[in-house]
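Q: predicted model follows, preceded by the sequence.
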Amino acid sequence: MPFNLPIFLTWLRVALIPICVAVFFLPDTTLISEHRNILGATIFALAAVTDWLDGFLARRLQQTSAFGAFLDPVADKLIVAAALILLVELNRTEGWMAMIIIGREIAISALREWMAEMGNRKSVAVAYIGKLKTTAQMVAILLLLYA
């Protein structure tokens, strides 16, 4: 397993998930609700920025790897799923909406894996519209966490 700055940033994104979630369950005596929202949203924003930064740096520094290509989308799916489940728990979104988004994420990952097995990974490569979807999704989740 290679280790470089882009992979470190991806692992950082994974590590920020439980921290972001835990912030929202701190008692009011530790952190008032408004401050929990700000801190949790800030942690999520940091994780979302690493999503862009790790890919940018991997290409820029020519440090792309098969492991990084595997780990990056896994980290993305984990943070989105955790945030959506948290938003349902906080009553900031409906469960059925979270299930649709999480289901779509799993289905796309399965499709990519299946196509890779068939030797057609390029046919389901991330397109510009996918990057726009991810950006819009991250911004929407960030705003819901901020409340």
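A: Thanks, I have the structure now.
Q: and the next helix or strand past the biggest helix by length in the chain?
A: Counting residues, the longest helix found in the chain (DSSP state H) is helix 33-60. Per DSSP states H and E, helix 33-60 leads on to helix 66-89 as the next helix or strand towards the C-terminus.
Q: what residue in the chain is the furthest from its centre?
A: Distance from the C-alpha centroid of the chain, by C-alpha atoms, centre = their mean, peaks at Thr29 (29.6 Å).
Q: distance of that one from Met115?
A: Thr29 sits 51 Å away from Met115, going by C-beta to C-beta, to the nearest Å. Just so you know, the C-beta spots here come from the backbone N, C-alpha and C atoms, and that holds for glycine as well.
Q: equivalent analysis for Leu39, please.
A: Distance of Leu39 to Met115, computed by C-beta to C-beta: 40 Å.
Q: only C-alpha atoms, please: export the helix or strand bottoming out on mean pLDDT in the chain in PDB.
A: When each helix and strand of the chain is scored by mean pLDDT, DSSP states H and E, helix 95-117 comes last, with a mean of 91. Only the C-alpha atoms of helix 95-117 are listed here, as PDB (Å, rounded to 0.1, in the frame of the first residue of the first chain):
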ATOM      1  CA  GLY A  95     -35.200   8.800   6.000                       C
ATOM      2  CA  TRP A  96     -36.500   8.000   2.500                       C
ATOM      3  CA  MET A  97     -34.400  10.800   1.000                       C
ATOM      4  CA  ALA A  98     -31.300   9.500   2.700                       C
ATOM      5  CA  MET A  99     -32.000   5.900   1.500                       C
ATOM      6  CA  ILE A 100     -32.400   7.100  -2.100                       C
ATOM      7  CA  ILE A 101     -29.100   8.900  -2.000                       C
ATOM      8  CA  ILE A 102     -27.200   6.200  -0.200                       C
ATOM      9  CA  GLY A 103     -28.800   3.500  -2.500                       C
ATOM     10  CA  ARG A 104     -27.700   5.500  -5.500                       C
ATOM     11  CA  GLU A 105     -24.100   5.700  -4.200                       C
ATOM     12  CA  ILE A 106     -24.000   2.000  -3.600                       C
ATOM     13  CA  ALA A 107     -25.500   1.200  -7.000                       C
ATOM     14  CA  ILE A 108     -22.900   3.400  -8.800                       C
ATOM     15  CA  SER A 109     -20.100   1.800  -6.900                       C
ATOM     16  CA  ALA A 110     -21.300  -1.700  -7.700                       C
ATOM     17  CA  LEU A 111     -21.700  -0.700 -11.400                       C
ATOM     18  CA  ARG A 112     -18.100   0.600 -11.500                       C
ATOM     19  CA  GLU A 113     -16.900  -2.600  -9.900                       C
ATOM     20  CA  TRP A 114     -18.800  -4.700 -12.300                       C
ATOM     21  CA  MET A 115     -17.600  -2.700 -15.300                       C
ATOM     22  CA  ALA A 116     -14.000  -3.000 -14.000                       C
ATOM     23  CA  GLU A 117     -14.400  -6.800 -13.900                       C
END
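Q: no further questions, thank you.
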